[in-house]
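**Student:** sharing a model that was predicted from the sequence below.
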Amino acid sequence: MPEKSDWIKIIIGLVVILVIVIILLNLLKTQIPYTDSVCNPVQVPYSDKVCENNPYVYNVEFTACKGYSAGILGIGYQPATVICKVNNLENKAGTFNIRYGLIIAGTPITKNEPTSIYASSSASKTYTYEGQAERCVCEADPPLNQVCRDVIRYRTETQCNDVTKYRTVSIWQSLFRSS
């Protein structure tokens, strides 16, 4: 049977070996895999509708713009007259606001009439005045034609993916880590 001093030497030897093993386990490294989420902004296309209100294509013409004529003894009398013609050049009907009349002594004497005009057609308005006119008025406000088109736009979204990463740890940590 070993003596007491031999036991102490054995215990000290075991403690030294254990300390050396612990030191080596802390010095030696290993890679431990783990999952992490990596997020990046990405541009995602989407379709959008863009609409514009464009006035109808049209034109205005004076088919008559006559000044006042008294004639001789009432023969050949003509009142001041304007005939205003609005041509709808679109392929669909629309309501035009037609202003027509005469300028008399510097003052416009006009009528405003909303008038529905069929596609590729025209409408005429007549105004007469018993007196002298300086000039004729013939104007129109066309309806608006909504023109829409599809466009591609982009919005930024965050896209995340799981990736495997590696962390360097000592062998000691890998043996005694909590998972």
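**Tutor:** Yes, it's here.
**Student:** buried residues in stretch 129-144?
**Tutor:** Neighbour-count burial for stretch 129-144 flags Ala133, Cys136, Val137, Cys138, Ala140, Pro142, Pro143 (criterion: 16 or more other CB atoms under 10 Å). From N, CA and C alone the C-beta is placed, and that goes for glycine too.
**Student:** my guess is the first one contacts Leu102, does it?
**Tutor:** Yes - under the contact definition of CB atoms under 8 Å, Ala133 touches Leu102, with a separation of 3.9 Å.
**Student:** overlap in contacts of these two?
**Tutor:** Ala80, Val82 (CB atoms under 8 Å, 6 or more residues apart in numbering).
**Student:** of the buried residues of stretch 129-144, which is the nearest to Asn87?
**Tutor:** Ala140 (9.5 Å; CB to CB).
**Student:** circling back: show me the buried residues of stretch 129-144 that map onto strands.
**Tutor:** Residues of the buried residues of stretch 129-144 located in strands (DSSP state E): Cys136, Val137, Cys138, Ala140.
**Student:** of those, which is the nearest to Glu3?
**Tutor:** Closest to Glu3 out of those is Ala140 (126.5 Å), distances taken as CB to CB.
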